[in-house]
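Provided below for reference: sequence and predicted model.
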Amino acid sequence: MGRNKTDNWQHILDSIQKRVTGWKSRVLSKAGRLTLIATIGQAIPAYGMSTNKLPQKVCKAIDGHLRKFWWGTTEAGNPRIHLRAWDCICKPKSAGGLGLRRTNDYNRAFLAKWGWLLISGSTALWAQVLRSKYVKIGTFMDSTAKASDSPLWKAMVGVKDLIMKGACNLVGRFHLSNSTAFTCKKLWHSRLHPRHKLLWWAGNSIPFILQMSSHSTSMVHVPMTWRMRNEIKFQSKTFNLLWLHKLISAQYRESQESNENKTPRIHQEQWLPPPEGWMKINSDACMRENGSVGATLARNSTGSIVRAHATFLDFEDPLVAESAALLSSIRLALDNGFENVIFEVDCEVLARAINNSMDDLSWDARSVLMDCKQLLQQLTLWEVDWVPREVNCDAHNVAIWCKNSNVSGLLQISFLPPPLCNLGWAAHV
């Protein structure tokens, strides 16, 4: 491309002008002109400006040709009065415009698309070339362009401000992180007094706390000092150091006693049979190549196995596979006429979603769980409980055995290998 960039695009201007001149605007309705501009007039420069930055002079010239055609001419050949600004006409229809595009905006949108694909992790050849040549350190959003860089790269860097308007940093699935850094769970599950937890939570919002953060402070004397400050300021009380000392000491003793009396929660460590008149069904899934296997074990109040079932699933997402295994266990209960059933799973997210809300789940997991909830309503009484993996190991081991043996459907207990019988769940058979 030559130094005179306007001349480089003269063929585009000539093509648009030739088309516009050939259209008889005086015999076309406004709707006809709008269709021609949207489908042909604005499509002519699309290929060229998809990878190049058009000069402002060229963009204004293209808009000028299309604008004159839109308003038309009088019988004498003079241009008609433009009753509305071209910028208003080029607004979206929802904003009161006609849905046309200003050439400069159209050009910037094309270039921003390439930048968006680059920061979205595209593995196309062009993206790999640009990254290796221009983004050796940092990201595309941190990069700059030199005069010697390619026209495409300079054009992409020039629309970073447009990309920033619609871009954000996507936070990953935090529950999958193995980091041992401080998390909000460590705060809310700690043994601190709830009042102190809220103080920590509000720490970034209270100037007083920020000022004291550089000193040796504790979660006991900070709230008491803050309380004294508020009483002096708003209740006109006088400062009493002795009273403050006694109050802090009392709070400290209360905190110490609370921590000493706190006993850790005891988890269930072995499988327990259901109450009389109930059935307990454990389900689990294990992953296999191109899918998964779901296993179901139904036992009565004496601990005896009533049914064992396995299903080959097409799901590769563990949560969706666990949900499908639960769905299979619900269908097993309905097919066998069970009325009061306790379902046990070792996926805490699954149990919480069934009993509370499914809003945070993916669409495919939510779809399976909606079927689960619908079928559960056909039972007289039901529960879906979470248990640790060691409690649900029976169903898990059956799923693994079925995967290795390529067995599915209703299982004969006598055909299962001895190691599974030694786990304890088959001792009653």
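Sure thing, it's come through. Numbering: from 1, shown residues only.

low pLDDT regions in the stretch 51-200 of the chain?
The stretch 51-200 of the chain contains residues with pLDDT under 70 at 168-200.

Report the buried residues of the one helix or strand W114 maps to.
Using DSSP states H and E, W114 sits in helix 103-119. For helix 103-119, the neighbour count (16 or more other CB atoms under 10 Å) marks 103-104, 106-108, 110-112, 114-116, 118 as buried. (C-beta placed from N, C-alpha, C; glycine too.)

Which one of these is nearest to S94?
Nearest to S94 out of the buried residues of helix 103-119 is Y106 (CB to CB; 18.0 Å).

Am I right that S292 is in a helix?
No: counting by DSSP: H, G, I helix; E, B strand; the rest coil, S292 is located in no helix; its state is strand.

Now do the contacts for the residue nearest to L313 when sequence neighbours are not counted.
Closest residue to L313 in three dimensions, ignoring its sequence neighbours and counting by CB to CB, 6 or more residues apart in numbering: S292, at 4.6 Å. Contacts for S292 (CB atoms under 8 Å, 6 or more residues apart in numbering) come out as 285-286, 312-316, 318, 321, 324.

From F69, how far out is K18?
12 Å (CB to CB, to the nearest Å).

repeat for G294
64 Å.

can you check V20 too?
For V20, the distance to F69 - CB to CB - is 5 Å.

Please enumerate the shared neighbours of the two.
With CB under 8 Å, 6+ apart, V20 and F69 have common neighbours G41.

So between K18 and F69, which is more surrounded?
The neighbour comparison of K18 against F69 (other CB atoms under 10 Å) goes to F69, with 21 against 11.

So the more buried one sits against R33, correct?
Yes: applying CB atoms under 8 Å, one finds F69 in contact with R33, separated by 6.3 Å.

so C286, which of the three states?
strand.

That one: neighbour count?
Neighbour tally, C286, other CB under 10 Å: 21.

what ranges do the strands span in the stretch 301-429 of the chain?
For the stretch 301-429 of the chain, the strands defined by DSSP state E, counting those that start in this stretch cover 305-313, 340-345, 381-386, 409-410.

Any chance of those in TSV with mean neighbour count, distance to L242 and mean pLDDT as columns?
Below are the strands of the stretch 301-429 of the chain laid out as TSV (neighbours: other CB atoms under 10 Å; distance: least, CB to CB, whole Å; pLDDT from 0 to 100):
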stretch	mean neighbour count	distance to L242	mean pLDDT
strand 305-313	21	70	90
strand 340-345	22	58	94
strand 381-386	17	51	92
strand 409-410	10	78	90
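
Now distance to K133 too, for the ones you listed, in JSON lines please.
Conversion of those to JSON lines gives the following (distance: least, CB to CB, whole Å):
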{"stretch": "strand 305-313", "distance to K133": "45"}
{"stretch": "strand 340-345", "distance to K133": "51"}
{"stretch": "strand 381-386", "distance to K133": "51"}
{"stretch": "strand 409-410", "distance to K133": "57"}
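
My read is that N336 contacts H309, right?
No: look at N336 against H309 with CB under 8 Å: they stay out of range, at 10.0 Å.

Pop the domain breakdown of this structure in here.
The chain breaks down into these domains under the TED database: 6-101, 107-165, 279-415.

quick one, helices of the stretch 1-150 of the chain?
With DSSP state H, counting those that start in this stretch as the criterion, the stretch 1-150 of the chain has helices at 5-8, 10-22, 30-36, 46-49, 56-71, 86-89, 103-119, 125-134.

where's the fifth one relative to the chain centroid, distance-wise?
The gap between the average C-alpha position of helix 56-71 and the chain average comes to 42 Å, counting by CA atoms, centre = their mean, to the nearest Å.

Off-centre distance for stretch 63-75?
Distance, stretch centre to chain centre, for stretch 63-75: 47 Å (CA atoms, centre = their mean).

make that stretch 158-166, sorry
Using CA atoms, centre = their mean, the offset of stretch 158-166 from its chain centre is 22 Å.

what's the answer for stretch 107-120, then?
On CA atoms, centre = their mean, the centre of stretch 107-120 falls 22 Å from that of its chain.

Convert the C-alpha atoms of it to CSV, please.
Extracted in CSV, the C-alpha atoms of stretch 107-120 (Å, rounded to 0.1, in the frame of the first residue of the first chain):
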residue,chain,number,x,y,z
ASN,A,107,-14.6,-0.8,10.3
ARG,A,108,-13.7,-0.6,14.0
ALA,A,109,-16.1,-3.5,14.8
PHE,A,110,-14.4,-5.7,12.2
LEU,A,111,-11.0,-5.0,13.7
ALA,A,112,-12.2,-5.5,17.2
LYS,A,113,-13.4,-8.9,16.3
TRP,A,114,-9.8,-10.0,15.5
GLY,A,115,-8.6,-8.5,18.8
TRP,A,116,-11.4,-10.3,20.6
LEU,A,117,-10.5,-13.7,19.1
LEU,A,118,-6.9,-13.1,20.0
ILE,A,119,-7.6,-12.4,23.7
SER,A,120,-10.2,-15.2,23.8
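
And the contacts of that stretch?
By CB under 8 Å, 6+ apart, stretch 107-120 touches 46, 49-51, 53-54, 59, 124, 127, 130-131, 135, 139-141, 152, 155-156, 158-160, 162-163, 167.

Need the buried ones from the contacts of S292 selected in PyMOL.
Here is the PyMOL selection string for the buried members of these, based on 16+ other CB under 10 Å:
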select buried, resi 285+286+313+315+318+321+324
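
Out of the contacts of S292, which is nearest to W363?
Distances from W363 to the contacts of S292, taken by CB to CB, are shortest for F315, at 12.9 Å.

Now do the contacts for the nearest residue to the closest one once chain neighbours are set aside.
Distance criterion CB to CB, 6+ apart; nearest residue to F315, sequence neighbours excluded, is A321 at 4.5 Å. Residues counted as contacts of A321 (CB under 8 Å, 6+ apart) are 285, 287, 292, 294, 313, 315.

how about the residues you listed in TSV, adding distance to H82?
Output for the contacts of A321, formatted as TSV (distance: CB to CB, whole Å):
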residue	distance to H82
A285	67
M287	65
S292	65
G294	68
L313	64
F315	60
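
what's the farthest-apart pair in the residues you listed?
So, those by CB to CB: farthest apart are M287 and G294, at 10.8 Å.

For these two, indicate the residue with more neighbours.
Neighbours of M287 and G294, each counted by other CB under 10 Å, are more numerous for G294; the result is 28 against 16.
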